[in-house]
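Undergrad: Predicted model follows, preceded by the sequence.
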Amino acid sequence: MADKDDKDLRDLTVEDVFEMISGKPAIVKKDSVIKDAVEAITQSPTSRKVYVVDDGMKLMGMITIETLLRHVGYRVGVREGGMISFFKFLTGILKDDVTEIMEKPATITKRHKMIDVLEMMVEHHLNDLPIVDDEDRIVGELHSLEILAYTKNFFEE
């Protein structure tokens, strides 16, 4: 791992800082249900997304906390009152497949330049990105807060 004092931010790659800023992502298998996704994300305190993978750990999609909350809100009847909506939620949401609500994420590899990753995050309003290998298997997650913590010394005069 390179020392941040040895390289300019524009020269760093994800691999240079991987051990320092890559978190353990929340992951579920493609045949999981939403209850499993909720469990996975609550067990991974830095994750804001749950990644859906196939049996070989190849990234298939992601589910954001926002999507989970919307799904829960729809199921509990945030817009329509009553206990019936809540019971529908309890009997329905926990059985829904994760593949029904996942979306395709932008990904990065360890070869990406950190400056390009930062630009991607700023341009597309992303807080974190999955890191994949050459076969699209997830190997980590890059978090925006860790990038800020890593780069705070670049602002010192």
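TA: Done, it's in. Predicted model only: the values in this text are computed from it and were never measured.

Undergrad: how near is the one residue sitting closest to the centre of the chain to M102?
TA: Taking CA atoms, centre = their mean, the centroid of the chain lies closest to K49, which sits 3.6 Å from it. K49 is 10 Å from M102, where distance means CB to CB, to the nearest Å. Every residue, glycine included, has its C-beta placed from N, CA and C.

Undergrad: circling back to that earlier point, can you pull up the bridge partners for the residue nearest to the centre of the chain?
TA: Beta-bridge pairing for K49 (DSSP bridges): T64.

Undergrad: Show the model's pLDDT score for it.
TA: Note on K49: pLDDT of 92.

Undergrad: Check whether it really touches D128, as I assumed.
TA: Yes - in this structure K49 lies within contact range of D128 using CB atoms under 8 Å: 6.6 Å.

Undergrad: shared neighbours, the two?
TA: Common contacts of K49 and D128 (CB atoms under 8 Å, 6 or more residues apart in numbering): E141.

Undergrad: if we can go back for a sec, now do the shared contacts for K49 and M102.
TA: When contacts are counted by CB under 8 Å, 6+ apart, K49 and M102 are jointly contacted by M62, I63.

Undergrad: what residue ranges in the chain are flagged as low confidence?
TA: Within the chain, the stretches with pLDDT under 70 are 1-9, 21-22, 74-95, 150, 153-157.

Undergrad: can you do 90?
TA: For the chain, applying pLDDT under 90 flags the ranges 1-24, 34-35, 38, 42, 44-48, 65-98, 100-101, 114-115, 127-128, 142-157.
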